[in-house]
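Q: Take this sequence and fold it.
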Amino acid sequence: MGNAEIDFRIEKLKEPKKEGAHRICFLLKTNPKSDFLPLSEIASGGELSRIILALEVVLGNNHTIDTMIFDEIDSGVGPRMADVVGEKLKELSKNKQIIVITHMPQVANLADTHFKIVKSMNEDDVNSEIIQLSQDEKQKEIKEMYGSIIY
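A: You can find the predicted model right below:
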């Protein structure tokens, strides 16, 4: 998103609410000739994911939150962009604990520790188990995440 620009519109509310006295609207323009428009109206899922991650990378070291959880931050991005997303998450993890839920092998491959969630069913219940994978198990899982790629 080399030509994208982001801006903010801050509106003072007539009556303060429990959330605050102002409303902040994120504005985005994705190319130089377009106007700034509300992010919520124009950003695709992939664009929104990348913008959120960019904000976290910029702000990540400037707030006191020590652990950040990203649930499918790579949603809507393709394989090439998943490489970039993974690298940005890795960069952010230098100073914060980062927990990432992902289906993208490019992102999972950069993890220091890899867990797999295994669901099982019995007659009455569905159970989920979280298993920490060894390095060999991680490599096998990453290959499985790629699926059947035919060249």
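Q: what secondary structure does the most centrally placed residue in the chain sit in?
A: Central residue of the chain (C-alpha atoms, centre = their mean): residue 73, 1.9 Å from the mean position. Under DSSP: H, G, I helix; E, B strand; the rest coil, residue 73 falls in the coil class.
Q: same deal with the one 10 residues further on?
A: For residue 83, the assignment made with three-state DSSP gives helix.
Q: Does it touch residue 108 like I think?
A: No: if you go by C-beta atoms under 8 Å, residue 83 and residue 108 don't touch, sitting 11.9 Å apart. Using the backbone N, CA and C atoms, a C-beta is placed for each residue, glycine as well.
Q: before we move on, back to that, which ones are touching the residue nearest to the centre of the chain?
A: Shown in contact with residue 73 (C-beta atoms under 8 Å, 6 or more residues apart in numbering): 49, 52, 53, 85, 89, 100, 102.
Q: Same list (these) but as CSV, adding distance to residue 63 and secondary structure.
A: Listed next are the contacts of residue 73 as CSV, based on distance: C-beta to C-beta, whole Å; DSSP: H, G, I helix; E, B strand; the rest coil:
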residue, distance to residue 63, secondary structure
49, 20, helix
52, 14, helix
53, 15, helix
85, 20, helix
89, 17, helix
100, 18, strand
102, 23, coil
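Q: Lowest-confidence entry in the residues you listed?
A: Ranked by pLDDT, the contacts of residue 73 bottom out at residue 49, which has 71.
Q: now the most far-flung residue of the chain relative to its centre: how far from residue 117?
A: Largest separation from the mean C-alpha position in the chain: residue 123, at 35.6 Å (C-alpha atoms, centre = their mean). Remark: distance between residue 123 and residue 117 (C-beta to C-beta, to the nearest Å) = 21 Å.
Q: and what of residue 104?
A: 15 Å.
Q: what about these two, which has more around it?
A: residue 104 (22 against 9; other C-beta atoms under 10 Å).
Q: and residue 142, what is it in contact with?
A: 105, 108, 109.
Q: Please tell me which one of those counts the most neighbours.
A: Counting by other C-beta under 10 Å, top hit in the contacts of residue 142: residue 108 with 21 neighbours.
Q: for the chain, what helix or strand is lowest in average pLDDT?
A: helix 45-59 (a mean of 76; mean pLDDT, DSSP states H and E).
Q: And for that one, what's in contact with it?
A: Taking C-beta under 8 Å, 6+ apart as the rule, helix 45-59 contacts 1, 4, 6, 26, 28, 30, 39, 43, 68, 70, 72-78, 81, 84-85, 88-89, 91-92.
Q: Cheers, nothing more for now.
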